[in-house]
Structure formats: structure tokens, C-alpha cells
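**Q** coords below, sequence missing:
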């Protein structure tokens, strides 16, 4: 079946460190791919997305590239800040399905 | 102006009670969703409506019943509340149900069943 797997957290980094959060998907077809972020006590909000292979989504210094050959959509940021501390969710959406397939979420903790 | 709003924000109640959570979106979207997020942050889709028609009805107890009086509103009624219903419930909306559409989430309703 369709699924999204992302790296387990929590991921703890120091401020200004490089961030990678891995995300891979299993799907029949080519889904649209998303990263959502949930700050403490809030709802989720879209961070970035890519709708076809080789597309790169970017926002707030975060980037992710849709890699069809490795079925991946890894999230990266060159220099994290304390304010980036949040839970990050990877998700996939197929045209043939009404619903997003969600990863389990990765908690990111940035220490000053 | 809040795009997706939910009421109440917090709900503390006793086992066996019946409660409702309301959701409204002012984005003009056609599709709305209810999600349940557990204490480990795992997100589970419960229901989705597109133009007031139910399109996703996941395996949830039939104590949970959604109602969409119009495109801008999607309410969730829960009968005979149980301890395991304690969670954060999120409403979301999107322009349509197609792939590639961004979902916009409300702030969540934190339900605690005692």
C-alpha cells in the first residue's frame, strides 16, 4: 500500500547547524509531496511542496527536491535557528486518492 | 481574519458525555477535513467532505459523526465519549480534493476525557 516514512525523532541540533530530515514514500504513481510544520500549540501549516519529479520546493531557508528515482523528498536547511524547533511532517498525495498519506512526524529541537 | 477556525479550543468532559466541535473556513474552499492527533503527534484522517458530500470516511467508531451544513462549515459530534478519545482534533480545508492542493489547518481542539 501507499506509505510515507520519515526519520524518527527527536532530532537535536545546535543553532546554525545543517539540517536534514529524511522522507521516502511508497506509492503507485507519482504523488505530490509536501512538508508541513507544526509549531508548539499550533495547527499544521504548509512549509513547502513539489508536484512533479525534480521539482524543488523552498521556503524560509528550507528546501526539498522531489527525487523520483529514490522516491525521496528530504528536507534540508543550511543553518537552523532556535525558532525552527517544531514537528515536521512529510506527506504524499496521489491523484487517485482523496487523502494525504502522512509520515509520523519528526520533532526537531534546536539548542542555542 | 482567521482562515480556519475551530471552537472550542479546549474541551474537558466526563466519560459518557456527548460533545460537538465546530469548524468554519472563510477561504471559499470546497473540501474540509477532520484529523485526530494523538499524544505522539501521529496524524490520522477521520473524515472529509467535498462540496458537502462525504468523500473520506475512515475507520472510526460510529460514535463520531460529521455534519457539513454548508461548504464553509464542518462539525464533529462525538457520542458517549471514552478515555481513548482524548486527543487534539484538527479541522482543515483545501481548494479542492485534488493532489497538489495545500491543506489549511485550524488551531486544534484539545479534548480531554476524564
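**A** In hand now; what should we look at? Note that the coordinates shown come from a computational prediction; the quantities given were computed from them, not determined experimentally.
**Q** Neighbours of whatever residue of chain B ends up closest to chain A, how many?
**A** Chain A sits closest to residue B:105 of chain B, with a gap of 3.5 Å, by CB to the nearest CB. For every residue, glycine as well, the C-beta is placed using N, CA and C. Neighbours of residue B:105 under the rule other CB atoms under 10 Å in any protein chain shown: 22.
**Q** cool, residue A:102 as well?
**A** For residue A:102, the count of nearby residues is 21 (other CB under 10 Å).
**Q** Residue B:7 now?
**A** When neighbours are counted by other CB under 10 Å, residue B:7 registers 14.
**Q** these two touch, right, it and residue B:22?
**A** Yes - using CB atoms under 8 Å, residue B:7 is in contact with residue B:22, at 5.0 Å.
**Q** Can you pull out the low-pLDDT segments for chain A?
**A** Along chain A, no part satisfies pLDDT under 70.
**Q** in chain B, which ranges drop under the pLDDT threshold?
**A** The model of chain B has pLDDT under 70 over residues B:1.
**Q** Residue numbers of it in contact with chain A?
**A** Contact residues, chain B versus chain A (CB under 8 Å from any CB of the partner chain): B:4, B:40-43, B:45, B:48, B:50, B:55-56, B:90, B:92, B:97-108.
**Q** How about the residues of chain A by chain B?
**A** Residues of chain A lying near chain B (CB under 8 Å from any CB): A:31-32, A:34, A:36, A:38, A:42-46, A:49, A:51, A:87, A:89, A:93-95, A:97-100, A:102, A:104-105, A:107.
**Q** Out of these, name the ones that lie in strands.
**A** The strands, defined by DSSP state E, take in A:32, A:34, A:36, A:38, A:44-46, A:49, A:87, A:89, A:93, A:100, A:102, A:107 from the residues of chain A next to chain B.
**Q** center of chain B - which residue?
**A** Central residue of chain B (CA atoms, centre = their mean): residue B:34, 2.9 Å from the mean position.
**Q** now the helix or strand harbouring that residue: how far from the chain's centre is it?
**A** In this assignment (DSSP states H and E), residue B:34 forms part of strand B:31-37. Put simply, strand B:31-37 sits 4 Å off its chain's centre (CA atoms, centre = their mean, to the nearest Å).
**Q** swap in stretch B:81-89?
**A** For stretch B:81-89, the distance to the chain centre is 12 Å (CA atoms, centre = their mean).
**Q** Give me the residues contacting that stretch.
**A** For stretch B:81-89, the surrounding residues in contact (CB atoms under 8 Å, 6 or more residues apart in numbering or on different chains) are B:6, B:13-19, B:21, B:34-39, B:63, B:76, B:78, B:108-113.
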